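1. can't give you the sequence, but here's the structure:
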């Protein structure tokens with residue numbers, strides 16, 4: 001256990017259904033992002049950079065790839081004698097025969113013995129599907145300074161998006177007075193980031209009570225946090241001001257990738273002071289052909305460009321053929337756009353091939369076009 005005496009648990013078991021075909025066979029946290037990364041790299045790297053040595057990753061749906069990817073923790077430097085990343089799938093319940101986590105709180109409840117084995121003073125509970133960089137040590141210090149039972153990381157969101165989130169209502173001192181889980185009519189736009197620091201003894205007692213409650217949905221937002229408020233426990237909001245993106249939809253995943261095109265983007269994946277660790281994939285350097293045209297692009301190693309690229313993000317192993325045009329689009333690992341094809345405002349999934357002279361997407365479309373299956377072109 002590290003000097004900060006805090007253990008992290010990453011909730012990585014959601015279906016990710018709003019990402020449609022991208023999560024048919026892959027867990028949402030294992031979805032590719034930013035040329036060479038996976039979404040799970042961000043919370044794990046934040047843990048490593050924040051000197052959190054023990055991390056549990058709670059997996060569930062389509063978890064085979066995710067389990068093998070995080071097992072061991074070597075990519076993030078969390079594989080030493082005193083550190084580790086541990087995959088924690090749900091257990092089969094004798095009364096139901098189900099091997100699922102019934103809710104976010106149940107995911108921690110099923111692993112109380114794992115947490116107890118390290119005897120932490122504090123526990124950090126994280127969503128495993130957001131893109132951001134955060135120093136959790138600074139949040140922990142705030143939790144201590146406030147003598148809080150629970151600290152919730154928050155940030156303002158556009159009012160029209162507020163109903164998608166858990167919304168915090170606070171007093172002038174930042175103490176949380178009300179929590180609304182995905183409200184139709186939110187009272188504020190201060191959204192929970194799905195990042196919680198609990199004092200472990202307090203949370204453990206609450207989880208034991210929650211497990212015995214037949215009317216509970218065993219969820220932090222619906223059950224545990226409201227119970228804390230009802231019992232008069234001290235809940236405080238920790239305001240985060242850096243880059244953060246909930247990539248729960250195709251449009252938001254596309255937007256987060258496109259944010260990388262801004263030379264002054266807050267995420268800054270090249271920051272040597274806060275490295276985002278990932279799989280060290282072997283690939284040739286990027287290749288830009290003699291007749292290729294590139295106008296504002298984020299191009300990763302192994303990408304091959306013979307055609308035209310404008311305001312787009314190309315992942316490892318992606319390919320653009322001669323005369324092809326890729327505009328305002330994201331090509332995920334191994335995606336191929338053959339000669340003469342035109343791709344506009346689209347996200348092309350891993351290893352998908354767009355055939356010769358095909359036209360995919362439109363500059364006038366309101367939403368981003370997801371291309372998750374091969375598109376047959378001219379022979």
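-> Okay, I see it. What you see is a predicted model; the values in this text were computed from it and never measured. Numbering: from 1, shown residues only.
2. hmm, who's touching the one helix or strand residue 8 maps to?
-> Taking DSSP states H and E as the definition, one finds residue 8 inside strand 6-12. For strand 6-12, the external contacting residues (Cβ atoms under 8 Å, 6 or more residues apart in numbering) are 1, 27-29, 40, 43-44, 47, 52, 54-60, 63, 66, 88, 104, 107-108, 111, 115, 118, 120-129, 136, 140, 194, 197, 200. Bear in mind the C-beta positions are built from the backbone N, C-alpha and C, glycine included.
3. name the helix or strand of this structure that has the lowest mean pLDDT.
-> Ranking every helix and strand in the chain by mean pLDDT, DSSP states H and E puts helix 64-70 at the bottom, with a mean of 88.
4. quick check: buried residues in it?
-> 66-67, 69-70 (16 or more other Cβ atoms under 10 Å).
5. show the subsequent helix or strand relative to that helix.
-> According to DSSP H and E, the helix or strand after helix 64-70 is strand 84-87.
6. who's in contact with the helix or strand that comes right after that following strand?
-> Per DSSP H and E, the first helix or strand lying C-terminal to strand 84-87 is helix 104-109. Defining contact as Cβ under 8 Å, 6+ apart, one finds that helix 104-109 is touched by 9, 11, 13, 58, 90, 101, 115, 123, 125, 203, 207-208, 210-211, 216, 218-221, 223-224.
7. quick check: next helix or strand after helix 104-109?
-> Heading C-terminal from helix 104-109 (DSSP H and E), you reach helix 112-116.
8. tell me the buried residues in that next one?
-> Buried residues in helix 112-116, counted by 16+ other Cβ under 10 Å: 114-115.
9. counting neighbours, what do you get for residue 226?
-> For residue 226, the number of neighbouring residues by other Cβ atoms under 10 Å comes to 16.
10. enumerate every residue touching it.
-> Residue 226 is in contact with residue 179, counting by Cβ under 8 Å, 6+ apart.
11. with residue 288 instead?
-> So residue 288 contacts 294, 299, 305 (Cβ under 8 Å, 6+ apart).
12. if we use 7 Å, what do you get?
-> 294, 305 (Cβ atoms under 7 Å, 6 or more residues apart in numbering).
13. and residue 314, by the same measure?
-> 297, 299-300, 303, 331.
14. from those, pick the one nearest residue 265.
-> Set against residue 265, the nearest of the contacts of residue 314 by Cβ to Cβ is residue 297 (14.0 Å).
15. what about that closest one, neighbour count?
-> Per other Cβ under 10 Å, the neighbour tally for residue 297 reads 18.
16. go on, the one 3 residues further on?
-> Applying other Cβ under 10 Å, we find 20 other residues in the vicinity of residue 300.
17. confidence score at it?
-> Residue 300 is assigned 94 on the pLDDT scale.
18. just give me the neighbour total for the nearest residue to it once chain neighbours are set aside.
-> Nearest in space to residue 300, with sequence neighbours left out and distances taken as Cβ to Cβ, 6 or more residues apart in numbering, is residue 35 at 3.3 Å. For residue 35, the count of nearby residues is 25 (other Cβ under 10 Å).
19. and what of residue 245?
-> 18.
20. the helix or strand encompassing it: what's the following helix or strand?
-> Using DSSP H and E, residue 245 sits in strand 244-246. Per DSSP H and E, strand 244-246 leads on to helix 250-258 as the next helix or strand towards the C-terminus.
21. and residue 237, that's in a helix?
-> No - assigned with DSSP: H, G, I helix; E, B strand; the rest coil, residue 237 falls outside any helix and is strand.
22. from residue 51, how far off is the residue nearest the centre of the chain?
-> Central residue of the chain (Cα atoms, centre = their mean): residue 129, 1.9 Å from the mean position. Using Cβ to Cβ, to the nearest Å, we find residue 129 at a distance of 23 Å from residue 51.
23. what's in contact with the strand ranked longest in the chain?
-> Longest strand in the chain, counting residues (DSSP state E): strand 190-199. Outside strand 190-199, the residues that touch it by Cβ under 7 Å, 6+ apart are 122-127, 130, 139-140, 143, 149-157, 162, 165-168, 170, 220, 237, 240, 244.
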